[in-house]
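Visitor: Sequence first, then the predicted structure:
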Amino acid sequence: MKTFKGSFLILAFLFYVQSTVAQPPIRIIAGKILINDGTLGFIPKKYTATMDSLDKILKAHPSDTSTLFYRALLYSLSNNLTARPYQRENGALENLIVGKNQIEKAISLGMMSIKTRVLRAQLCRDITYRFTGDESWMFNKANILDRKTQYNQYKELTNKYYDELSVEDKNNAWNYQKIKVKEDYPIKQ
């Protein structure tokens, strides 16, 4: 009986460690990379321990491409349109830029899987969305011009990355073309 209890406790501990620290299962669905954990939407609280663990690993090993990828993915999912719908919400743009820098670093270190490139395009698309909520009364002309320039740069990058993915991944080319950024910057001067 003691061995059964001991085995059960070890199994419960391993399950807990696996569920809080392990890499989340991911899938590409309709041109977007998502966590495939059985939930309908991303629940950031569910991944708090994972984010903390990834941050600790990045402090110790800043060139770990797998950790950079998963941390950038969590930045994307916790700061995208679904998670934080208001375009000018504090911290969302900054977090997305951190995620984009992390995925760019992973790519520069040699991580070139299709999932990595989909995440890079997705982060650029999420960043572009953050510039669409600009109300003209909030900014002066210099701010508007600067934000328009940034919007157009990220829009161009997004569309370039999705075009590259369409050529490489022909089975999902239609999905990539469908989610490209087609809108112009909202404030006209």
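Guide: Right, received. Where do you want to start?
Visitor: Now do the residue most central in space within the chain, the pLDDT please.
Guide: Residue closest to the mean C-alpha point of the chain, counted by C-alpha atoms, centre = their mean, is S76 at 2.2 Å. S76 carries a pLDDT value of 95.
Visitor: Likewise for S19?
Guide: pLDDT, S19: 44.
Visitor: cool, and T3?
Guide: pLDDT at T3 comes out at 61.
Visitor: Likewise for T149?
Guide: 95.
Visitor: Please export the C-alpha coordinates of the helix or strand containing the residue nearest to the centre of the chain as PDB.
Guide: Secondary structure assignment for S76, by DSSP states H and E: helix 65-79. Below are the C-alpha coordinates for helix 65-79, written out as PDB (Å, rounded to 0.1, in the frame of the first residue of the first chain):
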ATOM      1  CA  THR A  65      15.800  29.500 -29.400                       C
ATOM      2  CA  SER A  66      13.100  27.200 -28.100                       C
ATOM      3  CA  THR A  67      12.500  29.400 -25.000                       C
ATOM      4  CA  LEU A  68      12.600  32.600 -27.200                       C
ATOM      5  CA  PHE A  69      10.000  31.000 -29.500                       C
ATOM      6  CA  TYR A  70       7.600  30.000 -26.700                       C
ATOM      7  CA  ARG A  71       7.900  33.300 -24.800                       C
ATOM      8  CA  ALA A  72       7.300  35.300 -28.000                       C
ATOM      9  CA  LEU A  73       4.200  33.100 -28.600                       C
ATOM     10  CA  LEU A  74       2.800  33.800 -25.200                       C
ATOM     11  CA  TYR A  75       3.500  37.600 -25.700                       C
ATOM     12  CA  SER A  76       1.500  37.300 -28.900                       C
ATOM     13  CA  LEU A  77      -1.400  35.500 -27.500                       C
ATOM     14  CA  SER A  78      -1.700  37.500 -24.400                       C
ATOM     15  CA  ASN A  79      -1.600  40.900 -26.200                       C
END
